[in-house]
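*Asks:* Need a 3D model of the sequence below.
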Amino acid sequence: MRRDDPGVGAGPSERAPAAEAAAFARPAEPSFGGTAVDEHFVSPAAAAKPHLNGTTTPHRAGVFRDAGSPLHRGVLTSGSADQLAALVARAAQVPSACIQFVEGSRLRLYGSWGVSTDWDVVAETSLQDSVGGLVVRTGSAVIIDDARHDERAPGEGAYLGHPVHDRLGQVLGVCCAYDRRPRKWTPEQITAVAEAAEVATLLIGEQLARYELEQQHRFLDAVLDSLHDGVAACDATGRVVFVNDRMRRLWGDTPIAEVTGLEDGSGAPMRHDDLGLFRALRGERVRDEPIAAQGLSRRTRYFLMDAQPIHGPDGGVVGAVQAIQDVTRQRRAERFRSCELAVTTALAEAPCIEGAGPRVLEAVVATLDWVHAELWMVDGQTIRAAARWSAPGWPTSIPVPEELAYGQGLAGRAWQVDKPLWIRDVGRPQSLISPDTAAERLHTALAIPVHDGSGPIGVLTVFADSVEDPEDELVALMSGIAAHLGQFVEGRRVEDLQRQLTRSKNEYLALIGHELRTPLTSISAYTELLREADEPTLVRDGPRLIKVIERNTNQLREIINELLELSALDAGHADVRRTPMDLAAVVRDVVDRTRVAIDGAPVVIDADLPGELIVPGDRDRLRHIVENLLGTAVRYSPDGGHVEVSLRSTGRAAELAVSDAAGDVPHIEREQMFTGLYRTSRGHDRVLPGSGLGLTLSRAVVERHHGSIELTGGDAGTTVLIRLPLDAR
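*Replies:* Take a look at the predicted model:
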């Protein structure tokens, strides 16, 4: 590439042979003179300081890390380096000039003027074998009038080079002028090249300062963006000039305008001019001030705010900086702990789940800032509303059904699937919530099953008045509360069982004193009669006496077996195997056998049974229940009475009803009949004697089948109704 002559006495540059150029520099990779060597800017590293032995050592200066570290592009751009070379050539009145920088152990050409294509060989030269390297090693000017007579640079021509320094005085490169013809350098020319080197030094210093400032800004931006706290700054007019990434995610690019719903630590509304930036502009320093605000998600979050003014050199306020720390999670964790404490306290002071329910729901609603909660308890084949609570100010008449079927509504579905359900908006179609309930401005709903040791026993549901996305922490909290409720129910059940055990112990003593002693007395008496009877008496009365002994022995065996079975069921040791079975066939067989057993008795058994009804159950234990109920009905029915047995499927349950024609059992006695050995006041002995454990054992077996048993009645008689699920749970 050719350039015009820059000054007086410098005509167009002529071509010089490569051997002539090599007199001043050992060639490296070729390049085009007058242009940047590297379009991506690879400029000087640190210069090498000379040692006595002639070796070089890297040093640190400015942003230079070591002798091999390149400068950032822009420290001295190729355009400015070319212009500086042109000024050197013009001032020194020579046809050619160049700017070289140290890069590792070599000098790289960075700007040039008037260099012919043969000068491409000087694009990169060694520090050890070139005149430019001598300038770098000595740190002083090298002036050669005639290379033919100077051993430092064999060849032809004249050379004038001055070192280029950084702001710390370290040599970075060379500013040189060259003429292929020998010449005597004048003081003015030497001064001109030296001043050009000083200009290069000033340019480098300025560019390095800008580069370092940019690096500091980038470093500061990276640090601020990596903070967990949100940071924003404004100028003296209140205009936001900086927002870090965390603040942008919390409050947006312009937090002054985008944040809404401000509240101070006491919950009182705040104005935007109460933000830390404005207060800091007024000279105030803010430290750890709690605020609540709605960010981009429009959900209330809680923060600690810091702010302070930024002072200029004259001490005046030139801006302000504000930092906010999101403490929503910590605040929620504290409230969660308070909720658990309130729930634990409510459960500890309540006698039953119905008594604890309202206080538990109140604690949940207050903690979550939600508006309504319900507690449902499983009752046989339905789930009933045991407690409900609404936040103050909300209508207490939110419609809540008294009971729900299995799988019906939110509570019934949570009972069915036995896992937490999060409904984002109950107002949407098919949301499991009735339109009447959804119309009360309820939106998000959460249902959590309540378990005891045997399975789901209830469901805890809560409602919010806004649309909320699922939160794992909230689900975990509610699951923990549901676990507390399950443990409470199980604990109360254990206490009831302990009381029942104490009562049963007394009843068992009565049993031993009466039920067991009666057959034993008969067995002993008739055995004594057999032993003392003579041969004719034995022949005449022996079979009758043996039959009495056999009947009492069977009765005694039946009592012992029922006691053992009831004990095993209560202790959980009984192996109840629920497999598909035809309950209709079992009931039909028991009815037929009972009819044969009471043949001749003034009691009629009527049966209304389907052809087949499959349920998951333990065949032997369910058969024993039917035998107990049918035998009890026969015993209590008056002469000429009818015993009715019916079996049918209703929804998801099988219903077995056994009715007798005796008078109604008083309400006060109905529940007592399910405790061991209790006999109603209407009882009388009939064909099939009993132990008094039939209903107690029946309830234990039915509950192990996840069913229910109840006693109803009227003037026409008494009915025992059993419900068993048709599907396995």
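
*Asks:* Surely residue 625 and residue 695 touch.
*Replies:* No - applying Cβ atoms under 8 Å as the test, residue 625 and residue 695 come out as separate, 9.5 Å apart. Bear in mind the C-beta positions are built from the backbone N, C-alpha and C, glycine included.

*Asks:* between those two, which one's more packed in?
*Replies:* residue 625 (27 against 23; other Cβ atoms under 10 Å).

*Asks:* Output the below-cut-off pLDDT ranges for the stretch 401-550 of the chain.
*Replies:* Within the stretch 401-550 of the chain, the ranges that satisfy pLDDT under 70 run 427, 429-431, 434-440, 497, 500-501, 503-505, 507-515.

*Asks:* Okay, strands next: where are they in it?
*Replies:* 403-405, 421-423, 445-451, 456-463 (DSSP state E, counting those that start in this stretch).

*Asks:* With the stretch 601-729 of the chain instead?
*Replies:* Here the stretch 601-729 of the chain has its strands, by DSSP E, counting those that start in this stretch, at 603-608, 614-617, 641-650, 653-660, 708-714, 717-725.

*Asks:* export these to a markdown table and tack on mean pLDDT and mean neighbour count?
*Replies:* Below are the strands of the stretch 601-729 of the chain laid out as a markdown table (pLDDT from 0 to 100; neighbours: other Cβ atoms under 10 Å):
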| stretch | mean pLDDT | mean neighbour count |
| --- | --- | --- |
| strand 603-608 | 90 | 15 |
| strand 614-617 | 91 | 21 |
| strand 641-650 | 90 | 18 |
| strand 653-660 | 90 | 22 |
| strand 708-714 | 79 | 16 |
| strand 717-725 | 87 | 22 |
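
*Asks:* As TSV, those with distance to residue 557 would be great.
*Replies:* Listed next are the strands of the stretch 601-729 of the chain as TSV, based on distance: least, Cβ to Cβ, whole Å:
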stretch	distance to residue 557
strand 603-608	25
strand 614-617	25
strand 641-650	25
strand 653-660	24
strand 708-714	25
strand 717-725	25
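
*Asks:* Apart from its neighbours in sequence, what residue is nearest residue 642?
*Replies:* Among residues not flanking residue 642 along the chain, residue 604 sits closest, at 4.9 Å (Cβ to Cβ, 6 or more residues apart in numbering).

*Asks:* so who does the one you found touch?
*Replies:* Applying Cβ atoms under 8 Å, 6 or more residues apart in numbering, we find residue 604 in contact with 641-643.

*Asks:* in which helix or strand would I find residue 152?
*Replies:* Residue 152 belongs to no helix or strand when assigned by DSSP states H and E.

*Asks:* Tell me how many other residues surround it.
*Replies:* Count around residue 152 with other Cβ under 10 Å applied: 11.

*Asks:* check contacts around it.
*Replies:* Counted by Cβ under 8 Å, 6+ apart, residue 152 has contacts 131, 134, 142, 144.

*Asks:* Give the bridge partners for the spatially closest residue to the second one that is not a sequence neighbour, please.
*Replies:* Yep, that's residue 134 we're talking about. Counting by Cβ to Cβ, 6+ apart, residue 134 lies nearest to residue 142, which is 5.4 Å off, once chain neighbours are set aside. Bridge pairing for residue 142 (DSSP bridges) gives the partners residue 161.

*Asks:* Check the spacing between residue 142 and residue 154 real quick.
*Replies:* To residue 154, residue 142 is 14 Å away according to Cβ to Cβ, to the nearest Å.

*Asks:* circling back to that earlier point, of all the contacts of residue 604, which comes closest to residue 633?
*Replies:* residue 643 (4.5 Å; Cβ to Cβ).

*Asks:* Who are the contact partners of that closest one?
*Replies:* Residue 643 neighbours (Cβ under 8 Å, 6+ apart): 603-606, 630, 633-634, 637, 658-661.

*Asks:* Specify which member of the residues you listed is nearest to residue 181.
*Replies:* Residue 181 lies nearest to residue 658 out of the contacts of residue 643, by Cβ to Cβ, at 133.0 Å.

*Asks:* ok, which stretches of the stretch 201-350 of the chain are helices?
*Replies:* Per DSSP state H, counting those that start in this stretch, the stretch 201-350 of the chain carries helices over the ranges 245-251, 255-258, 276-281, 328-349.

*Asks:* again with the stretch 51-200 of the chain
*Replies:* Applying DSSP H, counting those that start in this stretch to the stretch 51-200 of the chain gives helices spanning 78-92, 131-138, 187-226.

*Asks:* Quick check: mean pLDDT of the last one?
*Replies:* Helix 187-226 comes out with an average pLDDT of 85.

*Asks:* Tell me which residues of it come out buried.
*Replies:* The neighbour-count check on helix 187-226 (16 or more other Cβ atoms under 10 Å) flags 189-190, 192-193, 196-197, 199-201, 203-205, 207-208, 211, 224 as buried.

*Asks:* Please name every helix or strand in contact with it.
*Replies:* Counting contacts by 3 or more Cβ pairs under 8 Å, 6 or more residues apart in numbering; DSSP states H and E, helix 187-226 packs against helix 78-92, strand 158-165, strand 171-179.

*Asks:* Would you mind measuring from the residue nearest the centre of the chain to residue 300?
*Replies:* Nearest residue to the geometric centre of the chain (Cα atoms, centre = their mean): residue 472, 4.5 Å. To residue 300, residue 472 is 19 Å away according to Cβ to Cβ.

*Asks:* For burial, what's the neighbour tally of residue 145?
*Replies:* 16.

*Asks:* what's near enough to touch it?
*Replies:* 158, 182-185.

*Asks:* can we see that at 10 Å?
*Replies:* 157-160, 179, 182-185 (Cβ atoms under 10 Å, 6 or more residues apart in numbering).

*Asks:* Residue 450: which of the contacts of residue 643 is nearest?
*Replies:* Of all the contacts of residue 643, residue 658 has the smallest distance to residue 450: 32.6 Å, by Cβ to Cβ.

*Asks:* can I get the contacts of residue 643 in TSV with distance to residue 90?
*Replies:* Shown next, in TSV, are those (distance: Cβ to Cβ, whole Å):
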residue	distance to residue 90
603	137
604	136
605	132
606	130
630	127
633	129
634	133
637	134
658	124
659	126
660	130
661	133
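
*Asks:* Among the contacts of residue 145, which one sits closest to residue 318?
*Replies:* Set against residue 318, the nearest of those by Cβ to Cβ is residue 160 (49.4 Å).

*Asks:* How about that closest one, nearest residue that isn't a chain neighbour?
*Replies:* That would be residue 177: by Cβ to Cβ, 6+ apart, it lies 4.6 Å from residue 160.

*Asks:* So the one you found sits against residue 84, correct?
*Replies:* No - counting by Cβ atoms under 10 Å, residue 177 sits too far from residue 84 to count as a contact (11.8 Å).

*Asks:* Tell me which of those two has more neighbours.
*Replies:* Per other Cβ under 10 Å, whichever of residue 177 and residue 84 has more neighbours is residue 177, with 28 against 24.
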